[in-house]
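Student: starting from these lines, generate the structure:
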Amino acid sequence: LACQPNAVFVCDSGNHCIRQLKVGVGGDLQVSIIAGAAVPGLGDGIASHCRFNSPTRIAFLTELQIVVSDTGNHRLRLLEHDTTRGVW
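Tutor: The predicted structure is shown next:
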């Protein structure tokens, strides 16, 4: 679990992804996948191509960088926010 003022980020180990939870304008909860997919694997690149295998821990290094413990792959992984496109 890692928090920013407007969002919470969690490792979804069973679905091999990183999720972002935000409160929308109307107060509804918005949940999105910022990296990974339902299929385990190991892959770098933009968030939609990135693959994890049972990520378990997450923390912010900076406001624009997240480190993820990719447990099934025995690696620490870095996600960086692309401020030009507004995506991780």
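Student: make it CA atoms for all contacts and neighbour counts henceforth
Tutor: Fine.
Student: beta partners for Val87?
Tutor: Asp82 (DSSP bridges).
Student: which residues touch it?
Tutor: 34, 47, 81 (Cα atoms under 8 Å, 6 or more residues apart in numbering).
Student: quick one: what helix or strand has Cys3 in it?
Tutor: Applying DSSP states H and E as the criterion places Cys3 in strand 2-4.
Student: which neighbours does that strand have in its sheet, and in what orientation?
Tutor: strand 7-12 (antiparallel).
Student: sort out which residues of the partner strand are buried, please.
Tutor: 9-12 (16 or more other Cα atoms under 10 Å).
Student: would you turn these into TSV with pLDDT?
Tutor: Below are those laid out as TSV (pLDDT from 0 to 100):
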residue	pLDDT
Phe9	96
Val10	97
Cys11	97
Asp12	97
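Student: out of those, which is nearest to Val39?
Tutor: Asp12 (11.9 Å; Cα to Cα).
Student: please report the distance of that closest one from Leu29.
Tutor: With distances taken as Cα to Cα, to the nearest Å, Asp12 is found 17 Å from Leu29.
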